[in-house]
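# sequence plus predicted model, see below.
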Amino acid sequence: MTKKTKTLVLALGLGVFVAGCGHPSNISKEADHRIANPKMELMLDSKADSPVHAIVMPHDEPAFPPGPGRDEFVAACVVCHSPRYITMQPRFSRSTWLSEVNKMKDVYGAHISDEQALKITDYLFSINGKAGRGQGPKGTYGE
Amino acid sequence: MNRRGFLQLIGATGAAALMSSCNRVSSVVGVLSSPTELVRFPEKTEMILLTDRPPQLETPIHYFRQDLTPNEAFFVRWHLEGIPTFVDLRTFRLNVGGHVRQPLQLSVDELRSQFEPISIIAVNQCSGNSRSFFKPRVPGGQWKHGAVGNAKWTGVPVKSILDRAQLKSGAVDVSFNGLDVPPLPSVSDFVKALSIDHARDGDVMIAYAMNDQALPMVNGFPLRLVVPGWYGTYWVKALSDITVLPQPFSNFWTDKAYRIPNAPNGTESPKDLAKDTVPINKFNVRSIFVRPDPNEILHPGMQTEIEGVAFDSGYGIRRVEVSTDGGANWADARLDPEIGKYSWRRWRMPWTPRNRGQYRLMACATNAVGETQSKEQWNRSGFMWNVIQKVDVKVG
């Protein structure tokens, strides 16, 4: 793409962006849903003074690469939260990932066997691990 | 084309003029000045995406140029996947029960019409705001400085509601539950509690309006507990159940989560974790730089204004000192008038850099009881960050 073409594309994109400014409630994700789900359209188009208040949450979760332990990860972790909870984190040592998985199992109530916990740890370490023998802090709860 | 090229392009197309009449002008800058991913959730503007399910969305710092953070830009943080996405006000009730003589089921209309409303301007800040700055890094939501906001909350003091429900003698704690539900039966429901005296202090309130509008769904529509001066974990969203207890409240979210070392400023060493911990509670004192933006272009001899916000748990900010040379020299910033004891307070300092080069800006706030910011701080959960902020800017 030449520089000129890029400039044109950006300028056009900006025009669309600016044109949309007056309508902060026009959310593209919702618009997509209206086509897919006519029933939802009724709720979303309800007037401001309607007693019914509804939103549609966007779904935009990252896809994770194949690898040993991925099946266990998807089955045990993604049922409760987006994989983005992994990609958001900095690279951690294996011991920190293990303590996170054990926290989910022992404290939060995830249905994971000890064997699965190790497989999931290996998978998390393979995609977002920090080399070295750094001993991560243990027992981090909450937020 | 690099980012600066894009900025120049925007200037060249005269978009600045268009954008001045457009609420989302700042979002454009946000998109360009932040390497992080932005996302739009229902009823929200572009926010920094931490996680999508359950959502954690961070406010771009430029929104803090306004005293009240717009609802559409206010940060979002949920714990459980099952967050409410549908509320019918004809059937929604706030249930008040437990250790009371007169249990109540109140609609939002009844809350609005049968109780004297109050309004409080108050900061709400996530316990883990600025977590990503702790060294060594800790697991959890990797917030920068935008898991905080300041809003005008309007609603009913919890005291008024408890008075109508008529407490039985011996009430100890009051628990607060919202419409969010755990994804599995084995996961603890998110419920928080306050002592009966705290709940009845007249400031703790149930808000049905935020900046004079209904709350966005992801910020807790239709009702949210407001606990001025305390961390956001207590500000239960989509509040549906208030239970008065004759014994201390106990659950995962209080006994295991959201605890801090029982030490000054919640600090401990990574090598020697504190054994004695307590539930997180009041804000410590801190300030946040708002301007100059790290990407703002500054020139030698050109006056600019350094600006930020500072807040504490309600004693009041009395002094903010600013350094433009990495902490060697400090000068007092000018404080804007106080707009509420639980609000943040804006500070400003004119600055004319003489030479080209890198400058390290720092700001340190002190409150009315002499509490000030940390030089260093760490805890395993990444809570209560209030280290003196450093911002490196380039003058060229």
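Ah, there it is.

# burial measure for the residue of the stretch 201-350 of chain B found nearest chain A, as a count.
Distances between the stretch 201-350 of chain B and chain A by CB to the nearest CB are smallest at residue B:257, namely 3.7 Å. Yep, even glycine has a C-beta here, placed from its N, CA and C like the rest. Other residues within reach of residue B:257 by the criterion other CB atoms under 10 Å in any protein chain shown amount to 23.

# please apply the same query to the one 4 residues further on.
For residue B:261, the tally of surrounding residues (other CB under 10 Å) stands at 22.

# cool, and residue B:251?
Around residue B:251 sit 15 other residues, with neighbours defined as other CB under 10 Å.

# give me the distance between it and residue B:192.
Going from residue B:251 to residue B:192 by CB to CB, to the nearest Å gives 9 Å.

# before we move on, what about residue A:66?
As it turns out, when the distance is counted by CB to CB, residue A:66 lies 40 Å from residue B:192.

# so between these two, which is more surrounded?
residue B:192 (22 against 7).

# list the contacts for that one?
Residue B:192 makes contacts with B:175, B:176, B:225, B:233, B:234, B:236, B:253, B:254, as judged by CB atoms under 8 Å, 6 or more residues apart in numbering or on different chains.

# and which of those is nearest to residue B:378?
The shortest distance between residue B:378 and any of the contacts of residue B:192, using CB to CB, involves residue B:233 and amounts to 19.7 Å.

# could you count how many residues lie near the closest one?
Counted by other CB under 10 Å, the residues lying close to residue B:233 total 24.

# quick one: pLDDT of it?
With respect to pLDDT, residue B:233 scores 97.

# helix/strand/coil for residue 90?
I went with chain A, as the question did not name one. Following DSSP: H, G, I helix; E, B strand; the rest coil, the label given to residue A:90 is coil.

# my guess is it meets residue B:137, correct?
Yes: counting by CB atoms under 8 Å, residue A:90 touches residue B:137, with 4.6 Å between them.

# of the two, who's got more company?
Neighbour comparison, residue A:90 and residue B:137: the larger count goes to residue B:137, with 19 against 13 (by other CB under 10 Å).

# domain-wise, how is chain B divided?
B:1-33, B:94-257, B:286-395 (automatic domain parsing).

# CSV for those domains, including distance to residue A:83?
What follows is the domains of chain B, written out as CSV (distance: least, CB to CB, whole Å):
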stretch, distance to residue A:83
domain B:1-33, 24
domain B:94-257, 15
domain B:286-395, 21
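
# so which of those domains comes closest to residue B:267?
Taking CB to CB as the criterion, residue B:267 comes closest to domain B:286-395 out of these, the separation being 5.1 Å.

# end-to-end on the closest one?
Distance across domain B:286-395, first residue to last, is 26 Å (CA to CA, to the nearest Å).

# that one vs chain A: in contact?
Yes: among the residues of domain B:286-395, B:380, B:381, B:382, B:383 lie within reach of chain A under CB under 8 Å from any CB of the partner chain.

# in helices only, show me the residues you listed.
Secondary structure assignment by DSSP state H places none of the residues of domain B:286-395 next to chain A in helices.

# which residues of chain B score low on pLDDT?
B:1-35 (pLDDT under 70).

# that one: helices as residue ranges?
Under DSSP H, chain B gives helices at B:3-12, B:15-19, B:25-33, B:108-114, B:158-165, B:196-199, B:252-255.

# mind checking how far residue A:54 is from residue A:97?
Distance, residue A:54 to residue A:97, by CB to CB: 38 Å.

# compare those two (neighbour count), which wins?
The residue with the greater number of neighbours, taking residue A:54 and residue A:97 and applying other CB under 10 Å, is residue A:97; the counts read 26 against 17.

# which one is the more buried one nearest to, not counting chain neighbours?
Sequence neighbours aside, residue A:124 is the residue nearest to residue A:97 in space, at 4.5 Å (criterion: CB to CB, 6 or more residues apart in numbering or on different chains).
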